[in-house]
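>>> predicted coordinates and the sequence they were generated for:
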Amino acid sequence: MVAVLAGCAGAQPTASVPGPALPPVGGGLDYQLGGAYDPPDGVTIVARDSTEAPAAGLYSICYLNGFQTQPSDTERLLADSPELILTAGGGPVRDENWPDELLFDTSTAAKRAGIAALMLPQIAGCASAGFDAVEIDNLDSYTRSAGLLTVDDNVALATLLVDGAHAEGLAIGQKNAADLADELAGTFDFAVAEECDRWEECELYTAAYGAHVLAIEYSDDLRVDFAAACAVPERPKSMILRDRDLVTAGSDGYVYEHC
């Protein structure tokens, strides 16, 4: 019996499987994590919390907090899944900037599997709701863990979540952690960068992800010159200015500008 080798006469070529659709390059962006509203004219990409519906007819990104608890879930997870919460000194480790959020403990394969078991159904929910992509927040939680977590711990969890998103047909964005962009650009599909102009990190993202970078600056930081940021030729193609609380259009404090 003669085996038929790939590439020999009569062998059928392997069909390539298309990857998930990416955000349109240079598309108008809006970042609506504080609540959904009708996007401004010209917007083609909208990020919303997973509890909201996607923006009809637009490329929609579903926000999930993959490395820390959402404030609304903190007490429940502390009671139901305490083994997944990072602890130090007998208490949970809180995000120093967002004290209502507790850090997940990514330090072992078993704990990462437990966290993934919480997150993967949420990713599937984003797909079922009609979102095109997910962004997973707080990849850089290890920098706030007092040395209890490592970058490798978080990257290992990120890989599980990326695989889960791709299995659902979703693209997945790296959120922040600019120093990891070069390493992770072959894992994630695009990047979501907060304050990359402020922290002089935009080029780290664009060097890794090219045109597939979505950038948000915040208006309460007086060190940000948004007009100057927009004038930089190498800036991310989709860059906006928003209020830090990301309130809905028409609310006090609402800010939205685009390059």
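Good, I have the coordinates.

>>> what number of residues lie near Val232?
If you count neighbours by other Cβ atoms under 10 Å, Val232 ends up with 13. The way it works is simple: take the backbone N, C-alpha and C, and place the C-beta from them, glycine included.

>>> pull the contacting residues for it.
197, 202 (Cβ atoms under 8 Å, 6 or more residues apart in numbering).

>>> try Asp49
Counting by Cβ under 8 Å, 6+ apart, Asp49 has contacts 32-33, 62-63.

>>> so what's it bridging to?
Note on Asp49: beta-bridge partners Tyr63, judged by DSSP bridges.

>>> cool, and the one 10 residues further on?
Here Tyr59 shows beta-bridge partners Ile45, assigned using DSSP bridges.

>>> give me the neighbour count for it.
Applying other Cβ under 10 Å, we find 21 residues neighbouring Tyr59.

>>> I figured it hits Gly27, correct?
Yes: with contact defined as Cβ atoms under 8 Å, Tyr59 counts as touching Gly27 (6.6 Å).

>>> mutual contacts of these two, please.
With contacts taken as Cβ under 8 Å, 6+ apart, Tyr59 and Gly27 have 44-45 as neighbours in common.

>>> what stretches of this structure score poorly on pLDDT?
1-17 (pLDDT under 70).

>>> quick one, helices of it?
Secondary structure of the chain (DSSP state H): helices located at 74-80, 109-129, 151-167, 181-184, 202-209, 226-231.

>>> possible to save the ones you listed as CSV with distance to Ser145?
Shown next, in CSV, are the helices of the chain (distance: least, Cβ to Cβ, whole Å):
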stretch, distance to Ser145
helix 74-80, 17
helix 109-129, 13
helix 151-167, 9
helix 181-184, 19
helix 202-209, 22
helix 226-231, 31
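
>>> and Leu246, which of those is closest to it?
helix 226-231 (16.1 Å; Cβ to Cβ).

>>> what's that closest one in contact with?
With Cβ under 8 Å, 6+ apart, helix 226-231 has contacts from 197, 217, 219, 235, 239, 241, 257, 259.

>>> so how far is Val155 from the second one?
Using Cβ to Cβ, to the nearest Å, we find Glu217 at a distance of 26 Å from Val155.

>>> compare these two (neighbour count), which wins?
Ranked by neighbour count (other Cβ under 10 Å), Glu217 and Val155 place Glu217 first, with 24 against 17.

>>> closest to Glu203 among the contacts of helix 226-231?
Nearest to Glu203 among the contacts of helix 226-231: Arg235, at 9.1 Å, using Cβ to Cβ.

>>> would you confirm that that closest one contacts Glu200?
No: counting by Cβ under 8 Å, Arg235 stays clear of Glu200, with 11.8 Å between them.

>>> more neighbours: which of the two?
Arg235 (19 against 10).

>>> next, the contact list for the more buried one, please.
Contacts of Arg235 (Cβ under 8 Å, 6+ apart): 197, 202, 206, 215, 229, 259.

>>> run a quick neighbour tally on the third one.
In other words, Thr206. So Thr206, with other Cβ under 10 Å, has 21 neighbours.

>>> appreciated, that's everything.
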